[in-house]
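Asker: model this:
(one chain, ligands or ions: 3)
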Amino acid sequence: MSDNSFGVNHLAIIMDGNGRWAQARGLERSAGHKAGAENVLKIMRSVKEFGIKYLTLYAFSTENWKRPAEEVGGLMKLLKEFTFNQLPAMQKEDVRLNAIGRLDALPDAARLGLLAAMKATRNNRSGVLTLALNYGGRAELVDAAVKFAQEVKAGRVAPDALDENMFEKYLYDPELPPPELVVRTSGELRISNFLLWQMAYSELYITDVLWPDFDRHELQKALESFRGRDRRFGGVKK
Ligand code: IPE
Ligand code: IPE
Ligand code: MG
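Answerer: Ligands and ions are numbered 1, 2, ... in the order given. Take a look at the predicted model:
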């Protein structure tokens, strides 16, 4: 349990709608991604203000490589710029930058910038900003299964010792608690391969607001919706 009034310790967001935001303004999709990236630190600050320790943002999925090379390149460039430009703000906010996904496949410039910012912020304690990058829920489960199989093969663990608690140790970040609340902006009613294991019992909140427009007020609405939920975890109504 968390110690804030909304009862959310980990908020995860599917940041969708950058393209539609740009289109509505007659701009290139890249302008939407830029506006989306600029929203990240603002939301991080509001998240902290609402007493939420962990913020996880879906920034690039394992399926997003299907987009035109120019768009993918632009997103990777934005990632590099984000980790460089926002580093002072993350230090000031005492936020640790973290990442989940198949990071090895990110282009060097983006990956090295990311790793440098993660290293520079590793002792920050007031919050954890996790970027899901080249992340897929299925890929994470497959990667966990491979790591487990390697441990079995090396004779370090018995195959039938596996249970849910042990399996979680093989996820990208075993320290990351499951999100109480998952928000998706832009109205699509789907998960798009996000945190498949971790969101088994997360509450979902979907808003039509596009990611670059999702602000403190919209966040508060999501948290208020969460506060009114009856979370049963398969049990009976309290
Ligand atoms: C989300 O915005 C950003 C990423 C997936 C990287 P989109 O680019 O998916 O925006 P829409 O869905 O086309 O509006
Ligand atoms: C989900 O958005 C992925 C991220 C926000 C990074 P998409 O725009 O890629 O999802 P679909 O294609 O609408 O399912
Ligand atoms: Mg989208």
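Asker: can I assume A12 sits in a strand?
Answerer: Yes: when DSSP: H, G, I helix; E, B strand; the rest coil is applied, A12 is found to be in a strand.
Asker: ok, it to ligand 2 distance?
Answerer: Between A12 and ligand 2 the distance is 11 Å, computed by Cβ to the nearest ligand atom, to the nearest Å. For every residue, glycine as well, the C-beta is placed using N, CA and C.
Asker: what pLDDT does that residue get?
Answerer: With respect to pLDDT, A12 has a value of 99.
Asker: what does the one 10 residues further on give?
Answerer: Model confidence at A22, expressed as pLDDT, equals 98.
Asker: give the contact list for it.
Answerer: Residues touching A22, when contacts are defined by Cβ atoms under 8 Å, 6 or more residues apart in numbering, comprise E28, R29, S30, A31, G32, H33, A35.
Asker: And the pLDDT at whichever residue of the chain sits closest to ligand 1?
Answerer: Taking Cβ to the nearest ligand atom, ligand 1 has its nearest neighbour within the chain at G19, 2.6 Å off. On pLDDT, G19 comes in at 98.
Asker: one step back: who wins for neighbours among the contacts of A22?
Answerer: H33 (24 neighbours; other Cβ atoms under 10 Å).
Asker: now that residue, what's its secondary structure?
Answerer: Here H33 is recorded as helix under three-state DSSP.
Asker: before we move on, what about Q23?
Answerer: Using three-state DSSP, the secondary structure recorded for Q23 is helix.
Asker: Compute the distance between it and ligand 2, please.
Answerer: The gap separating Q23 from ligand 2 is 13 Å, by Cβ to the nearest ligand atom.
Asker: now F60
Answerer: 5 Å.
Asker: does that residue count as helix, strand or coil?
Answerer: Classified using three-state DSSP, F60 is strand.
Asker: For the chain, which residue gets nearest to ligand 2?
Answerer: S192 (3.6 Å).
Asker: Could you check the pLDDT of that residue?
Answerer: We have a pLDDT of 98 for S192.
Asker: same thing with N4?
Answerer: 62.
Asker: Please apply the same query to the one 4 residues further on.
Answerer: At V8, the predicted lDDT confidence score is 98.
Asker: so who does it touch?
Answerer: Contacts of V8 were listed using Cβ under 8 Å, 6+ apart, and they are S2, F50, G51, I52, E180, L181, L223, F226.
Asker: now, which of the residues you listed lie within helices?
Answerer: Within the contacts of V8, residues falling in helices by DSSP state H are L223, F226.
Asker: Kind regards, and thank you for your time.
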